[in-house]
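Q: sequence unavailable; structure follows:
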Ligand SMILES: Cc1ncc(COP(=O)(O)O)c(C=O)c1O
């Protein structure tokens, strides 16, 4: 078979390969990035499903508009304004098969081979998988506890004047994988940079509801007066990732372009799921569910933070996420977490090595730990095992 050149850029996600190794039920895995199945509102879904079939059966099982059904878009417009202070109209929002599809479609309409994308270091690996198919180059920008270093971003953009930079990708709130949140000052600075250099921002807020600190920072999109931010969000973390329901908000022109790209991809998002999602939000069930999820994940985060403090050797540091599902650990320089993975598997514990998330070759001594999907009593044991392995390596 003679494959297209672009397939040379489409590598199987390293994480997925690694995670296959951790399917053994005896392994305590902090590797995956999955919501906890206990967070799924199964009884709510049962109730809603019946209602949807009764009231909208024929429509829910039919093809639908590429932009998504109007009632769901209306409900989301209201919710986005109430919870994220984002204002948009029906022509500025489009329903997608998860926010992952937004990452793909935005790439499809913006990236020519050889173009540049700014990404955080580390960044969401699924975004790289989506972008890579369109053969971009990357401009990596480092992060600290306040998110992307926007001063560094500005310097790099200035130094890349002649390069076609198509967008800046950011996960500003409870980032995957680093667990950090972009400060308000930096959000403003980022937008200012985008406006000055006329570069769109792709803002991915997948985790904003998973907030355990009570402190909320509004998205960059809420400050965007010139339609330069393409915003994406999802129901994967507060309803069901299996439903594959996300959305994009952007200016009318870009939403139209995304809709055309989506027609070629899947015609429309799952109609049945759109009706269920609309009911879930409109009936207020979502607001009953979110506090339950927050309580569960906050408890797990606290258990993991405590265990890290008790078991990881001196010279290790880690982020203290105010929300989301991940902690990013940086170990002493001499540890290579990719090499150490073998020892971890032997000790029946798993994580994802840091370099997998970095396009600049860094992160060799870092690891991402997921805390949402491990039983409370296993979190402590898993971290203890990891601590022992690290100490042995040192
Ligand atoms: C930062 C980020 N964006 C997007 C996604 C994709 O989510 P979905 O396609 O389920 O909405 C994920 C999933 O883990 C994520 O972590």
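A: Received the coordinates, thanks. What you see is a predicted model, and the numbers here were worked out from it, not measured in a lab.

Q: mind listing what the residue of the chain found nearest the ligand touches?
A: Nearest to the ligand in the chain, going by C-beta to the nearest ligand atom, is residue 98, at a distance of 2.6 Å. Bear in mind the C-beta positions are built from the backbone N, C-alpha and C, glycine included. Neighbouring residues of residue 98 by C-beta atoms under 8 Å, 6 or more residues apart in numbering: 234, 236, 241, 244-246.

Q: okay if I get those as a markdown table plus distance to the ligand, pLDDT and neighbour count?
A: Listed next are those as a markdown table, based on distance: C-beta to the nearest ligand atom, whole Å; pLDDT from 0 to 100; neighbours: other C-beta atoms under 10 Å:
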| residue | distance to the ligand | pLDDT | neighbour count |
| --- | --- | --- | --- |
| 234 | 3 | 98 | 25 |
| 236 | 3 | 98 | 20 |
| 241 | 5 | 96 | 16 |
| 244 | 7 | 98 | 19 |
| 245 | 7 | 98 | 26 |
| 246 | 4 | 98 | 23 |
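
Q: among these, give me the pair with the biggest separation.
A: 241 and 246 (10.1 Å; C-beta to C-beta).

Q: can you give me the neighbour number for residue 167?
A: 25 (other C-beta atoms under 10 Å).

Q: if you could redo that for residue 225, that was the one I meant.
A: 8.

Q: that one - that's part of a strand, no?
A: No. Counting by DSSP: H, G, I helix; E, B strand; the rest coil, residue 225 falls outside a strand, being coil.

Q: so residue 245 sits against residue 235, correct?
A: Yes. Residue 245 lies in contact with residue 235 (C-beta atoms under 8 Å); the separation is 4.6 Å.

Q: intersection of neighbour lists for the two?
A: Contacts common to residue 245 and residue 235, judged by C-beta under 8 Å, 6+ apart, are residue 277.

Q: residue numbers of this structure in contact with the ligand?
A: With C-beta under 6 Å from any ligand atom as the criterion, the chain meets the ligand at residues 33, 98-100, 124, 126, 171, 176, 204, 206, 234, 236, 241, 246.

Q: save those residues as TSV, and put in secondary structure too.
A: Below are the residues of the chain next to the ligand laid out as TSV (three-state DSSP):
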residue	secondary structure
33	coil
98	helix
99	helix
100	helix
124	coil
126	helix
171	coil
176	coil
204	strand
206	coil
234	strand
236	coil
241	helix
246	strand
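
Q: much appreciated, bye for now.
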